[in-house]
Structures are given as C-alpha cells and as structure tokens.
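K.L.:
what follows is a protein structure lacking sequence information:
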C-alpha cells in the first residue's frame, strides 16, 4: 500500500507541488511584480556575458575597398568577396564566392584553436557548424544568399591565456 511516506518526493513531474508553485508565482506577480527597470537591466547585463565576442570588428571588406582594382581593366574575374574581422585575441578571414544561386564560404582563424565556427542566419534558418582543421581553416558550400554572421566560441574559456570568442556583424552574401 502506498502511504504518503512511502512515495518518492514529487520533483516537478506534475501534481500538488507544481500547482502550489504556480499559485505562488501568480500571487507574487500580482502583489510584488518585478519592476520593468529591473527586467531591462537584467537583460542588458546578460548581453555582457560574451563581451569579448562582441568586440569583433570588420577590418577589411573587398566589396568596399576597391583600391585593389586600380589599373585593372574591367571587374574582377570571379565574384569573390574577402572579409577580415578582428577580435581582442583572434583574427577571422573569410572568402565568399558567388556560385550563381549559391555561395561558397571559406575561412581561417588565427590563431587556430576553437574546434568550430558557427554560421548564423538573420532569416532564422538553423545555424551551420563548420569544424576547423589544425590550421584553423573551415568552410561551407551551397549556402543561400542572405544576411549571416559568424560566431566563434572560446576554445577553453576557463584557461588562463585561452583564446576568447568573437561574433561578427551581420554581412550580406
């Protein structure tokens, strides 16, 4: 026979404990709501968790810097765009080649270290994870055009002198 002392404790699988927690939550929200300023400050503080990653700056974009075309008749032979990003502890060089309706992305991290680079899309497509080799090289092919950014997580965030991560700005490809 199951008596109340014979049953294991209820840990959020439904039942009286969940009902009591929901009742307490509603009572607290009604009687002592969280101030809007506190919510705003908490959200702003959360963005600082990856401050090193947010310092990546676009330092070169071949679509903007046309000085390399000086003295050349006509446009470039291929539709390749070169981008360079610089973070506090890492450089990220990327080439995007237009293959008609698709794009080929090749890149390299310096120094090599983090095992992967994430490719995020502004239109909500799932991110793509690109594994890096021992030299920090990575790539993805058959990408649809659109806005994207690259995210590199730290190789070992806890180690002293470990490489920090970076996130690039959104760039059209």
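P.N.:
Everything's here; your move. Every value quoted in this text rests on a predicted model; they were computed, and no experiment measured them. Numbering: from 1, shown residues only.
K.L.:
next secondary structure element downstream of the lowest-mean-pLDDT helix or strand in the chain?
P.N.:
In the chain, the helix or strand scored least confidently by mean pLDDT, DSSP states H and E is helix 36-47, which has a mean of 75. Helices and strands here follow DSSP states H and E; after helix 36-47, the next one along the chain is strand 57-61.
K.L.:
show me what that next one is packed against.
P.N.:
With contacts taken as 3 or more C-beta pairs under 8 Å, 6 or more residues apart in numbering; DSSP states H and E, strand 57-61 sits against strand 80-86. Just so you know, the C-beta spots here come from the backbone N, C-alpha and C atoms, and that holds for glycine as well.
K.L.:
show the average pLDDT along the strand it packs on.
P.N.:
For strand 80-86, the mean pLDDT works out to 93.
K.L.:
correct me if wrong: residue 92 contacts residue 150.
P.N.:
Yes. Taking contact to mean C-beta atoms under 8 Å, the distance of 6.4 Å between residue 92 and residue 150 places them in contact.
K.L.:
how about stretch 91-106: buried residues?
P.N.:
Across stretch 91-106, burial judged by 16 or more other C-beta atoms under 10 Å covers 91-94, 96, 103-106.
K.L.:
please apply the same query to stretch 143-152.
P.N.:
Under the neighbour-count criterion of 16+ other C-beta under 10 Å, stretch 143-152 has 143, 148-152 buried.
K.L.:
quick check: the farthest pair among those?
P.N.:
The largest separation in the buried residues of stretch 143-152, counting by C-beta to C-beta, is between 143 and 152 at 17.7 Å.
K.L.:
and the most centrally placed residue in the chain, what are its phi and psi?
P.N.:
If you average the C-alpha coordinates of the chain and look for the closest C-alpha using C-alpha atoms, centre = their mean, you land on residue 151, 3.9 Å from that point. In terms of degrees, to the nearest 10, the main-chain angles of residue 151 are phi -130, psi 130.
K.L.:
before we move on, back to that, now do the shared contacts for residue 92 and residue 150.
P.N.:
Taking C-beta atoms under 8 Å, 6 or more residues apart in numbering as the criterion, residue 92 and residue 150 both touch 85, 107, 117, 166, 168.
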